[in-house]
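J.: no FASTA, just this:
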């Protein structure tokens, strides 16, 4: 996708971001009747996550989980309880939709052979939508899956949602077994692809291995269901893990249109826009992800990151003072501190990054920080003589599509471009175009201004707000 088309698509995405007020609200009670099924708590979480994604796709309907049902203090209009009953031969799923104002209840049941089950969540959401007066097209039946595989799939969904290294590892192993048994289970293939990519992010396997496994699962999922939103989302995550955020936007945008109730898809789309240097365009999608799932910690972290990258100082400072829960919160806060020139604070935060975070990312960031504050401590000595922005082997001339922004690095990954652009006029023009794009997208970092100054025929003397960047600028010949 070229830069112009990408820009048009981004503007279209912002225009289409849902903001309509909701007049209906459904409280989902925790599923009942799962006591006889394997790993009850996780199966219940996975079942709820699957159903919530379908219900949240209903237009103008707000959905939440709360065991109080109609007694929820926010004044829900409806309460939905899902129950499961396993007999010797059948799996019976029941749905009770209570109208909170009148107490009237509507009921529906779906009966399946116990040992050959289908994903009924789309059908349940379709039924609820019809009862609420927001009808949707009736979903086609999905493939039949063995009972044990369906239960294992629900457990794997819950583990992926928990986002710890151990849970991701367990979910990945489970999903690999499921797709071996049921290769036609497209949704399992799509979630396997995301689990493979998350396994890299948590340092459980190498990037080439993750990309190969994920690509295979994505292709199989799309071959069976070309309109499977999660499969297109996995393709976006596939590109994001290769720092190709420009290529990630299109599949994630398609995924968001196909599966608007999945908060993680809105999160990934927001992150793709954010890391492509467009924090203003990213924010509506990150807000949507947080609204769809208020417990999605990653969305809160990304919103704080967007505030910092867009120069919203008050909101940024609040986030840095309290980045919240989740393994990535500390790492992101360290990166943002570093980009603001607070190198000592960044080192201190990296010392506290949980083991769940990819160790390679932590080490690479430490390498970027070495020498920026004159630090000669042992944690910096190993890299201090060869800062990573000098010795990178990637050639800017070989990079497709022009300069590539990388917000996971202190120097944005543009160092090679700056060195070469100072000697090459066409490259200087291309880099300036990239810097202009970043500024149009709302990115406000002292480093961007410093690079612009560095490219000037006679670079001005560095101002005090970029004093911490002087070692880096000197390495670039500025």
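T.: Now that the structure is in, tell me what you want to look at. This one's a predicted model, so the numbers in the text were calculated from it and none came from an experiment. Residues are numbered from 1 along each chain as shown.

J.: tell me the contacts of the residue positioned nearest the centre of the chain?
T.: With distances taken as CA atoms, centre = their mean, the residue of the chain nearest its centroid is residue 268 (3.2 Å). Applying CB atoms under 8 Å, 6 or more residues apart in numbering, one finds that residue 268 lies in contact with 233, 236, 237, 240, 248, 252, 255. Placement of C-beta: from N, CA and C, glycine included.

J.: For those residues, name the two members farthest from one another.
T.: Greatest spatial distance among the contacts of residue 268 (CB to CB): 240 and 255, at 12.4 Å.

J.: Neighbour count for those two, which is higher?
T.: A direct count of neighbours by other CB atoms under 10 Å for residue 240 and residue 255 places residue 255 higher, at 28 against 21.

J.: shouldn't the more buried one be in contact with residue 230?
T.: Yes - using CB atoms under 8 Å, residue 255 is in contact with residue 230, at 6.9 Å.

J.: Return every residue with contacts to both of those two.
T.: Joint contacts of residue 255 and residue 230 (CB under 8 Å, 6+ apart) are 262, 265.

J.: Let me have the contacts of residue 268 in TSV, adding distance to residue 94 as columns.
T.: What follows is the contacts of residue 268, written out as TSV (distance: CB to CB, whole Å):
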residue	distance to residue 94
233	31
236	36
237	35
240	40
248	40
252	35
255	31
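
J.: quick one: residue 31 is in a strand?
T.: Yes - counting by DSSP: H, G, I helix; E, B strand; the rest coil, residue 31 is part of a strand.

J.: and it, how many neighbours?
T.: If we define neighbours as other CB under 10 Å, then residue 31 has 21 of them.

J.: ditto for residue 139
T.: Residue 139 - counted by other CB under 10 Å - has 15 other residues nearby.

J.: Checking it next. Helix, strand or coil?
T.: Residue 139 ends up coil, using three-state DSSP.

J.: What sits closest to it if chain neighbours are left out?
T.: Leaving aside its sequence neighbours, residue 139 sits nearest to residue 122 (CB to CB, 6 or more residues apart in numbering; 3.9 Å).

J.: Tell me, how many residues neighbour that neighbour?
T.: 21.

J.: Would you mind measuring from it to residue 331?
T.: To residue 331, residue 122 is 36 Å away according to CB to CB, to the nearest Å.

J.: So residue 150, which state does it fall into?
T.: Residue 150 - assigned by three-state DSSP - is helix.

J.: Which one (most neighbours) among the contacts of residue 268?
T.: Top of the contacts of residue 268 by neighbour number is residue 252, holding 31 neighbours under the definition other CB under 10 Å.

J.: residues in contact with that one?
T.: Here residue 252 is in contact with 232, 233, 236, 265, 268, 269, 272 (CB under 8 Å, 6+ apart).

J.: Taking those residues, tell me the two that lie furthest apart.
T.: For the contacts of residue 252, and using CB to CB, no pair is farther apart than 232 and 272, which are 12.2 Å apart.

J.: Any regions of the stretch 351-478 of the chain where pLDDT drops low?
T.: 371, 373-403, 457-469 (pLDDT under 70).

J.: Counting by contacts, list what whichever strand or helix holds residue 291 packs against.
T.: Element membership of residue 291 [criterion: DSSP states H and E] is helix 279-292. For helix 279-292, the packing partners by 3 or more CB pairs under 8 Å, 6 or more residues apart in numbering; DSSP states H and E come out as helix 3-16, helix 263-275, helix 297-309.
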